[in-house]
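A.B. asks: Show me the folded form of this:
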Amino acid sequence: MATAKKPDESKQVDTRPIVEVKSLAASDHQVLLTSYGEVRPLEHTLLAAQVSGEVVSWNKGFVAGGVVARGELLFTIEKDNYEAAVLQAEAEVARAQAALIEEQAQQQVAKDEAARTPGVKRSALFLREPQVLSAKAAVKSAEAALKRAQRDLANCEVRAPYDALVVSRDIGQGQFVSPGSKVAELNNIETAEIILPIAGFDSAFLPPRVAGIEATITQEGLGGYSRSAVIDRDLGIVDSATRMSNLVVRIDDPYAIHTQQPKVKFGSYVQVQFPGQTLREIFRLPQELVNNKTVWVVNKDNLLQPRQVTVVREEDEFFLISEGLQSSDRIVLTLPEYPQQGMEVRIAGQVNTSPSNDQL
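C.D. replies: As a prediction, this is how the structure comes out:
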């Protein structure tokens, strides 16, 4: 050991910290807007009877929670009186038409008589013009009464105004109903709507025209699902309490009556995502690389440089940066413990170069 060769104390030791870097590239980025809302029916109807009478039958599917199709018979009111009213109205029409034919015949006789004595002036009463007009009016009145009787007879059969979910039913067989009395509550399941609040910081990224933009509805958790929808309109006002604007999203066939898609039940609270504006020349960086709106880059001489950046939007774990960076920059992924401006570093994965004299 005494005679062994001593280590070369003049050998240089590289103390530069090693960092990982990544080259940046600007790109166009379409903003994805996210909000939440409650699924509601497009229409909610308090169904009422239009004629009075006894309920003689009702559809077995016409119960709370039942689903009925557009035009499907819900219940029937006793028709005897209304069928009799139609027959009576038809008789009145026939009587009025017969009276009109008789008056028209008498008018023709009067006209023939007037033609035989052309020099004599005849009055309208002699030519039976007012009598014919009165007979025509009687025919129209009888026909109007017939239409009302036929309408009342048709209203004895109450049908669903649209594909509907029955919320409640307030009648039963043998019950007497009056015109205007509530018999059921229905929700339209042909189309559902979601009132979607948009915060002020998201409003800046809305497209100029929102109507017709496709959206995705998602409910997470056990039994979660995803459905497509369309933005229908902007309500056009800013809520005075929340200072948010509101969009209306529509879902066709929410209860999947005509499709095999998952059901979207009324009252569900869902997430809605849709594309916003497209931002040009944007850098998308993980949030952990941005501290107090500052990121660190390595210049061509492998020196650390801080950059003040402009963050235009936060999306999940990323920041969208519009200013402060260039496509030629190399951003630092792993900072030294105490980074300083101008600190010389080594790039991980590159061939080691000789350190400068101040690193000896």
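A.B. asks: how about the helices of this protein, start to end?
C.D. replies: Counting by DSSP state H, one finds helices in the chain at the ranges 80-116, 129-154, 200-203.
A.B. asks: Mean neighbour count, distance to Leu303 and mean pLDDT added to the ones you listed, as TSV?
C.D. replies: Placement of C-beta: from N, CA and C, glycine included. Compiled in TSV, the helices of the chain are given as follows (neighbours: other Cβ atoms under 10 Å; distance: least, Cβ to Cβ, whole Å; pLDDT from 0 to 100):
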stretch	mean neighbour count	distance to Leu303	mean pLDDT
helix 80-116	14	95	91
helix 129-154	16	88	94
helix 200-203	13	36	86
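A.B. asks: just for the protein, where's the confidence low?
C.D. replies: 1-2, 4-12, 351-360 (pLDDT under 70).
A.B. asks: Please report the residue range of the longest strand in it.
C.D. replies: In the chain, with assignment by DSSP state E, the single longest strand is strand 269-286.
A.B. asks: before we move on, back to that, determine which of the helices of the chain approaches Ile194 most closely.
C.D. replies: helix 200-203 (15.7 Å; Cβ to Cβ).
A.B. asks: From the chain's centroid, how far away is the closest one?
C.D. replies: Centroid separation between helix 200-203 and its chain, computed with Cα atoms, centre = their mean, to the nearest Å, is 19 Å.
A.B. asks: now swap in stretch 77-91 and tell me
C.D. replies: Offset of stretch 77-91 from its chain centre (Cα atoms, centre = their mean): 45 Å.
A.B. asks: which outside residues touch that stretch?
C.D. replies: If you take Cβ atoms under 8 Å, 6 or more residues apart in numbering as the criterion, stretch 77-91 is touched by 49, 51-56, 142, 145-146, 148-150, 152-153, 155-158, 177.
A.B. asks: 6 Å instead, please
C.D. replies: Contacts to stretch 77-91, defined as Cβ atoms under 6 Å, 6 or more residues apart in numbering, come from residues Gly53, Glu54, Val56, Ala145, Leu146, Ala149, Gln150, Asp152, Leu153, Cys156.
A.B. asks: Outline the domain layout of this structure.
C.D. replies: Per the record, the chain has its domains at 18-29+280-355, 31-42+189-278, 44-77+156-188, 80-154, by automatic domain parsing.
A.B. asks: I'd like the ones you listed as JSON lines, with distance to Thr3 appended.
C.D. replies: Below are those laid out as JSON lines (distance: least, Cβ to Cβ, whole Å):
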{"stretch": "domain 18-29+280-355", "distance to Thr3": "32"}
{"stretch": "domain 31-42+189-278", "distance to Thr3": "74"}
{"stretch": "domain 44-77+156-188", "distance to Thr3": "99"}
{"stretch": "domain 80-154", "distance to Thr3": "122"}
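A.B. asks: ok, for Thr76, nearest residue in space, not its chain neighbours?
C.D. replies: Ser57 (4.7 Å; Cβ to Cβ, 6 or more residues apart in numbering).
A.B. asks: circling back: please name whichever of the helices of the chain is nearest to Gly65.
C.D. replies: When the helices of the chain are compared by Cβ to Cβ, helix 129-154 sits nearest Gly65, at 28.1 Å.
A.B. asks: and that closest one with helix 80-116, angle?
C.D. replies: The directions of helix 129-154 and helix 80-116 differ by 160 degrees, with axes from the mean of the first three to the mean of the last three Cα atoms, to 10 degrees as the criterion.
A.B. asks: could you say what helices and strands helix 129-154 packs with?
C.D. replies: helix 80-116 (3 or more Cβ pairs under 6 Å, 6 or more residues apart in numbering; DSSP states H and E).
A.B. asks: centre of the chain versus the helix it packs on, how much separation?
C.D. replies: 56 Å.
A.B. asks: Residue numbering should commence at 28 henceforth.
C.D. replies: Understood, numbering begins at 28; the last thing we discussed is helix 107-143.
A.B. asks: thinking again about what came up before, out of the contacts of stretch 104-118, which is nearest to Ile374?
C.D. replies: Nearest member of the contacts of stretch 104-118 to Ile374, counting by Cβ to Cβ, is Cys183, at 87.1 Å.
A.B. asks: any idea how far the closest one lies from Ala176?
C.D. replies: According to Cβ to Cβ, to the nearest Å, Cys183 and Ala176 sit 11 Å apart.
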